[in-house]
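> dropping the sequence and predicted coords here.
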Amino acid sequence: MQDLYIYVDKNISSDCLKYGIKLSEHENRILNLTNSIKRGIQAFLSPKDSELYTDDNFECIRVKTKGLTAIVFNKICENTDLIDDFIVNIEGYNIGDFESPEAIICSSILPDNLFPYNKILDKPLLVQNSKEFYYEKCINEILETDMFSKYELYQTLLILGDQKKVLDVNKFDSIKIYTDPISDKKYTKKSN
């Protein structure tokens, strides 16, 4: 992972970019592990992973991770006994390993590692949204293992479409017709 993204108040963002970010002055994240505490600067794997992405009071800064001490953890396991199993050094993290990844930068950041993030002109992101990528990766892994047949997945998706009311359902004798109201595509399912 070459880059992380942090958010800083717009009033101090130019100073941060010019002089760097001292850990002692900008520490804003504490993670309690079973036998230790990790302190540092909250960071994200993708700019859209933060709720501050659309907040005009904050500026997103891209941080090059080379030479930094940082960890990645699964936020949904925070404050549970599972946290120790869902934390790795940034070098050991593979994109899509955690459902809700968040990072903590545990060292000061030199100005050479900081760049203002430009939503339009910045370098392309590998992942737009970490959580959605995790779901996509897991679904593909499940499909590749053949744990479920294509028939079972098809049936499950039709039932879910009915429950969420995104498919219209009509019953004809022993057949249910599921219709996508947007495309008018029809799916069939033999009913019991």
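Okay, I see it.

> need the contact list for the residue nearest the centre of the chain.
Closest residue to the average C-alpha location of the chain: Ser130 at 2.1 Å, with C-alpha atoms, centre = their mean. Remark: with contacts taken as C-beta atoms under 8 Å, 6 or more residues apart in numbering, Ser130 is in contact with 44-46, 49, 95-96, 98, 100-101. (Each C-beta comes from the backbone N, C-alpha and C, glycine too.)

> and the helices in this protein?
10-19, 23-26, 130-145, 150-163 (DSSP state H).

> out of these, the one nearest Ile83 is which?
The closest of the helices of the chain to Ile83 is helix 130-145. By C-beta to C-beta, the value is 17.2 Å.

> quick one: distance of that closest one to the chain centre.
The gap between the average C-alpha position of helix 130-145 and the chain average comes to 12 Å, counting by C-alpha atoms, centre = their mean, to the nearest Å.

> just the angle for it relative to helix 150-163, thanks.
If you take axes from the mean of the first three to the mean of the last three C-alpha atoms, to 10 degrees, helix 130-145 sits at 140 degrees to helix 150-163.

> quick check: mean pLDDT of helix 130-145?
On average, the pLDDT along helix 130-145 is 91.

> ok, back up a step: any chance of the contacts of Ser130 in TSV, with distance to Pro124 too?
Output for the contacts of Ser130, formatted as TSV (distance: C-beta to C-beta, whole Å):
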residue	distance to Pro124
Phe44	16
Leu45	14
Ser46	11
Asp49	16
Ile95	14
Gly96	17
Phe98	22
Ser100	23
Pro101	19
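
> what's the distance between Leu23 and Ser108?
5 Å (C-beta to C-beta, to the nearest Å).

> my bad, Asn35
In terms of C-beta to C-beta, Asn35 sits 25 Å off from Ser108.

> who has more neighbours, these two?
Under the criterion of other C-beta atoms under 10 Å, the comparison of Asn35 against Ser108 puts Ser108 first, with 17 against 5.

> isn't the more buried one up against Cys16?
No. Counting by C-beta atoms under 8 Å, Ser108 stays clear of Cys16, with 11.2 Å between them.

> and the strands in the chain?
3-9, 29-32, 37-43, 58-64, 70-74, 87-89, 101-105, 114-116, 168-172, 175-179, 186-190 (DSSP state E).

> quick check: which of the ones you listed is buried the most?
Most buried of the strands of the chain, by mean neighbour count (mean count of other C-beta atoms under 10 Å): strand 101-105, with a mean of 24.

> and it, what's its mean pLDDT?
Throughout strand 101-105, pLDDT has a mean value of 97.
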